Each structure stands twice: as structure tokens, then as C-alpha cells.
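1. how would this look folded up:
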Amino acid sequence: MTTTAGPPPTGGGDGERQRLRLLAVTACPTGIAHTYMAAEKLAQAAESRGIDMKVETQGSIGAENVLDDNDVSTADGVIVAADKDVDLSRFVGKRVLVVGVAEGIRHPERLIEQVRSAPVHTAGGTAAATAAPSGGERSVAYKALMNGVSYMIPFVVVGGLLIAISLSLGGHPDPSGGLVIPKDSFWMDVNNIGVIGFTLMVPILSGYIAYAIGDRPALVPGMIGGWIANTGSLYDSKAGAGFIGAIVTGFLAGYLVLWIKKVRVPKFVQPIMPIIVIPIVATTALGLFFINVIGKPISWVFEHLTSWLGGMTGTSAILLGTILGLMIAFDMGGPVNKTAFLFGAGLIATGNQAVMGMCAAAIPVMPLGQGLATLIRQRFYTEQERETGLASLFMGCFGISEGAIPFAAARPAQVIPANMLGGAVAGAVAGLAGVKDAVPHGGPIVAVLGAVSGVPMFFVAVAIGTAITAVTTIALVDVSERKRRGEPVGHGVTLEPELALVGAGVGAPGAGTVVAERRAVRGETVTAGVVGSGGSSALAENAVDATADADSVAAEGAPGSGSPTTANPTPVVLSGYLTERTVKVRLDADGKEAVIREMAGLLARTGKVVEVEELVATALRREAQGTTGLGEEIAIPHAKTDAVSAPVVGFARSAEGVEWGSLDGTKARLVFMIAVPEAAAGDEHLRILALLSRKLMDAGFRERLSAAEDESAVLGVLSEVG
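-> All right, here's what the predicted structure looks like:
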């Protein structure tokens, strides 16, 4: 078959090839369903036109069907349908079209036509792109910030914990210099390694913010810019600009690189642009700009701030403690924090230990408060954030305020005010109680080691500040999400733009074993209509009781063994996670939230749902991140929550269809719901999503699924999924 008229192909070959060869990459940031649906849509559109196409999918499970050098060399064009960063450097010399993943689902035919006239991608160049509605996706700035935070977190955790361990096991209070570790000891080496981790933390944040915006050429100027921002001596400041300065340099570096990329240069210069020209020009310009333009004002401001604090020593202890607490909590090791800390430390030598006592009480409040928040409302946070929260608690005990930086960088508008409120209260209480600290350090460790006078009130101040920080953070995050979605929220919201489901880790049934589950009474339904956790548990139990007597389990039998088996064994669907018990041929609900509630009640029939209301809340929070309506009249709501004790999948149909905000504007008539325990491990749920997404792209399969008369027939069709 010959291809339609168009520009000459850019791929290799013998010159006689008649079939067009295209490549595609699909990727979405919140899951893999859209990734695979876009891949299937593009592949189907290509096949219908007699075009060879290979599609690489970059989902949460990792890259699959990866494009190799041979694929690229023989390709005539590349379609990148993605809502996250995809490395385009391997496609230099090829026609490249970059669009959102939704475009790959909605208009695959159009993309195939457009890529044939797309500009050829050059080294350091920018591929052609078409605008696509962003739907529930976060902004580029938010994604860049989160990219920097995710890379920074390991450095915060490793550096902070090593410093805390070395201080706790190898340090001792010294009247002349805080907690001291002997210079030639093993623990000093451990401390130095931790300091390196902390030193790298800020440049890493800046570098990977820049990388997310300007790709690899922005990495070097971003990291060096972050180092400059954190090194106050370069611009005559006693304290660097800290993580706030790193955020500034990260964005400046990223957008500066994007601007340089647009400059037209001779062809012979293009190959060295991304590896030599752009990094050198951007790094030099950014470094000089920060040192001479931004750095000088920073130094001036904080010198005068120190002088202003010096004039307050005769004022009310409560007012001074409040101000110092606000400053300590503002940037957690940054210039504002250090100004307050150095002010308190400098007064120790004059015999005034009360000011350092105020600072010492405020210093641990931020990491302790943010860590406590992850424990109080675990469902507000991703798994990575909860792990960081535990490390933050540990760092807080040793007066390492930087432990709260990952939370502040991810949600500055919510976390920083909460930190400041808690720090202000802790400082004020310590000032009121006359708490004193004889060493320039803070946190419970200095009280334990005997450097604090007024120990009981010191711990009271820390405890009150910590509690206020945690509660305020939770409240502000909740309010922020309500405003963002424009609707009330009953529970916390997870803000990471990642897939809510992480791991199931449950194996398939053993070989030769067939489990048959049959419903004695057809058409029986159980809905989730009880409000409250207690009622939810009762509903789950009642649902199980109502169906337990109507189910039967077939005898085991390996093929060829002669053992008895059921005459019509029920197919095993999705490793047994979806059964007749979790299938309903007609939904009663007609709205998204009502459908999710009804589906949760359906899953409760298995006895694997512990808290129906919590399952519903988690699924709705996932919807708030971005619709699970995939188009083609399909929706796959899903939830990762301890409200279920084991993975479970349900399916139901809606005759009228439910408005789900799908990418193609269709109402959802085929609804699957997936739920897995939060602590489950592995990628089983990702396999389920991939299998469903791919199979549901088959129009014939969807027709058979819609036409199936009852639950048994539906299960028979679904057995094709695997």
C-alpha cells in the first residue's frame, strides 16, 4: 500500500519502501491508563491506514516496548503524546510532533497526518507541539517544582539523619560552642558526610527544577545557580538564600535556557549548543546576575534585620520570642532563619541566654509539626511524603529544621504559614517562661544533654508549637484543595500528581485450581448508603452475610488428573480480583460520586472492604487530581487505601451514561473500579490497568461487554482480558 502524498520521509531504508514507518511515545503523569489508551489509539489509526507504527509506553510501571536505535534510524516521524517530560535527544534528525496524551486518544488520525509535515528535530531544538486542553493537570511551574522536590528529598533525609545520628552518639555539650563532636573521631566523619548531603540539597533542588523546564542543558546552570544562592560569602552575606533562593535560581535557569534555545545559530554550531554553548552562557549569566543583582540586596536586607533585632532586646520577651519564632520557621536554615539564630547565638557570650532559649524552642517545631501531620492524616500524603515525615520527626528531635524543607517546597502557601504560626507560639511561650539555652543549638537534644534551663516549659513550648503547626497544615491543605476544585472536601487530599495506586503484590491463583463463585439469586444489589466509618463496616459485613450462603466453591482439579471439576466453571478474571460478586449489569446511580459509592458497595460484597466511606473518599480524591474517564464511554476509578484488605475489582454498566469529564466528552457507560491496600507491594494493579486499557480499545470487546445479558455473561466476556 502506498502512503498519501506528503513531504519526503526522513527515515532510512532502501528507497523502495512503500509503507510509512512512524514511532510514538505515550506517557501520562498520574497513571498508566491514559498512556496505554493513547498507545492503542495511535496503533489502531496507523494500522487502518496501512502505516507501520511502534509505540513506546512510559507509564508508572516503567518504559515498555522501548524504541531502539534501529527503530529510530528507519522512522519517518515520531509522535510524542505525553503530559510529562520525554527525552527527545534520540530523535535528532527526525520529524517530531509533541502533544498532550489526550490528543493521542482524541485525534490519533490527525496526529498521523500532522507528523508527516512536522519540522525536523535538531540537537537542542524544540519539537513542534499542538495545544491541548490540560484538564486536571498541574501547571508546568508546579510540575517543575515537584520534580526538584522529589530529587531533593533523599539528600535531606540522608544528610539530616547522618547529622542527627552523629550528634546523638558522638556529640556532647560544650559551653563555648554548642554540641561538639571530637574532631578526629568516627562520628565526626559521619557528621561530615551528612553535611555534604545537606550542602548538595539546595543545588539539587535548583538543578532539577531547571531540568524539568529546560531539559538537560538547564541542569548545570540550575545546580551551580543553586550553589551560589546557598553560599552567602559570594555576595557578602553571612547566610545564603537557602531553599527559597534555590527555587528562584531553578526557575531562572530553566526559562533562561528555553530562551537561549530559541536563538538561531549556524548549523555547524547546533550540535554543541546543548552540551557547551547553552550551559556555559546560562551558567555565567545566571551566576553573575545572582551575585551582583540579587545577592547584594539580600545581604543588605539581612544586615539591617540583624541590627533591628539588636534594638529589640529590651522589649517584651513574648513579642521578641514571637518574632524570632516567625523568623526561625520562615525558611528553615535559610537567611531569615540564620539571622535569628546568629542573633541568639551571639548573645550567649554576653550572658543573655534567654534569646537563644526562644530560638531553641522554635527550631524543632517545623520538622516535628510536618512529621506529625503525616501521621495524623496519612491519606493527605503520598507514600514518599510519609516516609519523609518519619525522617522529619527524627531530625526535629535533634534540632535540624531543614527536615521540613521538602514539605515547604512542595506546598509553600500552606506549609510556611503553618510553620511560622507554630514557631511563633513556641518562641513566645519560651520567652514568657524565661527558658534559657547555653549553647547555639536547638531541639529536644539540647534539653536532654543539659544545656537548657527551664526544661519542663521548654518541652511545653515545643509541644504546643508542634501541635499548632500540624493542625494548621492539615487545615490549610484541605482549604486549598477545596478552592482548587471548587467543591467541598470531607477528607484530606493527596497533592502529589502521581498515580494514587502503588503496588498490589498479590499473586494469581495456583496452577490447576479453579474457583467458581456463583450467585444463587440474580439481580441482588447492595449499595453504600451508610454514612460514617462504623456504618461502613456494618454495611460490608451485611453485604457479605447477604451473599455468603448463595455462593459455592468448586472442587479443585488439575488438567488431566481425573479430579472432578465444575460443569461450567466461572472464568478467572484479572487473577480472581473481579468475580460475579463484583459485577452489576445496571447501575442505579446517575452521578459520578453516587456511582463511586454504589461501586464501593459492590466491592464490599467480597468482604475485602473494611471502611466503605474511606474507600469512597479516597476514590473521590483521586478524581480530584484528574478524571479517570478515559473516553469511549469508559471510566476506571481507582483507590489505594487501607479501607480494603486485599485487591478487588468491580464492573458495572450504566444504560444512560454518567458524566465523568472524559477526554472525548462521552458519558461513562462501562465503569470499572479498582481498589488495593495501601501497604501492598508490587505492580499488580498497574498490570490490571494496562490489561483493561488495552482490551477496552477493542470496539468489538466493548460491544460484547455492553450486550452481555447478566453477570455470568459479563464475566464470560471479561475473561478475555486475562
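
2. part of a strand, is residue 98?
-> Yes. The assignment for residue 98 by DSSP: H, G, I helix; E, B strand; the rest coil puts it in a strand.

3. For it, report the pLDDT, please.
-> Residue 98 carries a pLDDT value of 87.

4. What lies in contact with stretch 407-423?
-> By C-beta atoms under 8 Å, 6 or more residues apart in numbering, the list of residues contacting stretch 407-423 from outside reads 145-146, 148-149, 152, 205, 243, 247, 325-326, 328-332, 362, 365-366, 369-370, 385, 388-389, 392, 404, 465-470, 472-473, 476-477, 480, 495-496. C-beta: built from backbone N, CA, C; applies to glycine.

5. Okay, now the unreliable bits of the stretch 351-500 of the chain?
-> Residues of the stretch 351-500 of the chain that meet the criterion pLDDT under 70 lie in 379, 382-384, 481-500.

6. got the residue ranges for the helices in it?
-> With DSSP state H, counting those that start in this stretch as the criterion, the stretch 351-500 of the chain has helices at 354-362, 365-376, 383-397, 405-410, 412-433, 444-448, 455-485.

7. if you compare those helices, which one is most tucked away?
-> helix 354-362 (a mean of 32; mean count of other C-beta atoms under 10 Å).

8. Against residue 707, how distant is the nearest residue to residue 235 once chain neighbours are set aside?
-> Leaving aside its sequence neighbours, residue 235 sits nearest to residue 295 (C-beta to C-beta, 6 or more residues apart in numbering; 2.7 Å). Applying C-beta to C-beta, to the nearest Å, the value for residue 295 to residue 707 is 70 Å.

9. can you check residue 647 too?
-> 28 Å.

10. Between these two, point out the one with more neighbours.
-> residue 647 (25 against 10; other C-beta atoms under 10 Å).

11. how much space between that one and residue 677?
-> Taken as C-beta to C-beta, the span from residue 647 to residue 677 is 7 Å.

12. what residues are up against residue 714?
-> Contacts of residue 714 by C-beta under 8 Å, 6+ apart are 583, 585, 651, 653, 705, 708.

13. Quick one, which of those are buried?
-> Buried members of those, counted by 16 or more other C-beta atoms under 10 Å: 583, 585, 651, 653, 705, 708.

14. and the residues you listed as a markdown table, adding pLDDT?
-> Converted to a markdown table, the buried ones among the contacts of residue 714 look like this (pLDDT from 0 to 100):
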| residue | pLDDT |
| --- | --- |
| 583 | 92 |
| 585 | 89 |
| 651 | 93 |
| 653 | 93 |
| 705 | 89 |
| 708 | 88 |
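
15. right, and out of these, which lies closest to residue 285?
-> residue 651 (57.0 Å; C-beta to C-beta).

16. so when I look at residue 84, I'm seeing a strand, right?
-> No. Counting by three-state DSSP, residue 84 falls outside a strand, being coil.

17. looking at it, it is touching residue 34, isn't it?
-> No. Here residue 84 lies out of contact with residue 34, judged by C-beta atoms under 8 Å, at a distance of 11.1 Å.

18. Looking at the two now, which is surrounded by more residues?
-> A direct count of neighbours by other C-beta under 10 Å for residue 84 and residue 34 places residue 34 higher, at 30 against 16.

19. where's the more buried one relative to residue 625, distance?
-> Relative to residue 625, and taking C-beta to C-beta, residue 34 is found at 12 Å.

20. I'd assumed residue 233 was in contact with the residue nearest to residue 235.
-> No. Using C-beta under 8 Å, residue 295 is not in contact with residue 233, being 10.2 Å away.

21. one step back: among the buried ones among the contacts of residue 714, which are located in helices?
-> Residues from those lying in helices, with DSSP state H as the criterion: residue 705.

22. Provide the secondary structure category for residue 58.
-> Residue 58 - assigned by three-state DSSP - is strand.

23. Quick check: closest non-adjacent residue to it.
-> In space, residue 58 is closest to residue 27, 3.8 Å off (C-beta to C-beta, 6+ apart).

24. Just list the residues touching the one you found, thanks.
-> 35, 57, 58, 59, 81, 82, 83, 84, 86, 101.

25. any chance of the residues you listed in a markdown table, plus distance to residue 411 and pLDDT?
-> Output for the contacts of residue 27, formatted as a markdown table (distance: C-beta to C-beta, whole Å; pLDDT from 0 to 100):
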| residue | distance to residue 411 | pLDDT |
| --- | --- | --- |
| 35 | 27 | 79 |
| 57 | 31 | 85 |
| 58 | 27 | 78 |
| 59 | 26 | 65 |
| 81 | 30 | 88 |
| 82 | 25 | 82 |
| 83 | 21 | 73 |
| 84 | 20 | 70 |
| 86 | 27 | 77 |
| 101 | 26 | 79 |
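
26. Include distance to residue 606 when you put those into TSV, please.
-> As requested, those are arranged in TSV below (distance: C-beta to C-beta, whole Å):
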residue	distance to residue 606
35	28
57	31
58	33
59	27
81	36
82	36
83	34
84	34
86	39
101	33
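
27. Please indicate which of those are buried?
-> Judged by 16+ other C-beta under 10 Å, buried ones among these: 35, 57, 58, 59, 81, 82, 83, 84, 86, 101.

28. from these, which single one is nearest residue 336?
-> For the buried ones among the contacts of residue 27, the nearest to residue 336 is residue 84 (33.9 Å; C-beta to C-beta).

29. List the contacts of that closest one.
-> 27, 28, 29, 58, 143.

30. The second one reaches residue 35, doesn't it?
-> Yes. Using C-beta under 8 Å, residue 28 makes contact with residue 35 at a distance of 5.0 Å.

31. ranges for the helices of the stretch 1-150 of the chain?
-> So, for the stretch 1-150 of the chain - with DSSP H, counting those that start in this stretch - the helices run 33-48, 69-73, 101-106, 108-115, 140-170.

32. go on, the stretch 601-722 of the chain?
-> 612-625, 684-695, 699-707, 711-718.

33. winner for burial among these?
-> It is helix 612-625: most buried of these by mean count of other C-beta under 10 Å, with a mean of 24.

34. now the angle between helix 455-485 and that helix, please.
-> 60 degrees (axes from the mean of the first three to the mean of the last three C-alpha atoms, to 10 degrees).

35. Let me see the mean pLDDT of helix 612-625.
-> The model assigns helix 612-625 a mean pLDDT of 85.

36. So for residue 631, which of the helices of the stretch 1-150 of the chain sits nearest?
-> Short answer: helix 101-106, nearest of these by C-beta to C-beta, at 5.4 Å.

37. can you list contacts of stretch 701-709?
-> 585, 632-634, 653, 669-670, 695-696, 714, 716-718, 720.

38. returning to what we had before: compare residue 295 and residue 233 and say which is more crowded by neighbours.
-> residue 295 (23 against 9).

39. who's in contact with the more buried one?
-> So residue 295 contacts 228, 232, 234, 235, 236, 237, 241 (C-beta under 8 Å, 6+ apart).

40. Show me which of those residues is closest to residue 299.
-> Among these, and counting by C-beta to C-beta, the member closest to residue 299 is residue 237, at 3.9 Å.

41. which residue sits closest to that closest one in space, ignoring its chain neighbours?
-> residue 299 (3.9 Å).

42. Any idea how many residues pack against that neighbour?
-> There are 19 residues near residue 299, going by other C-beta under 10 Å.

43. you'd agree it is up against residue 233?
-> No. Using C-beta under 8 Å, residue 299 is not in contact with residue 233, being 10.1 Å away.
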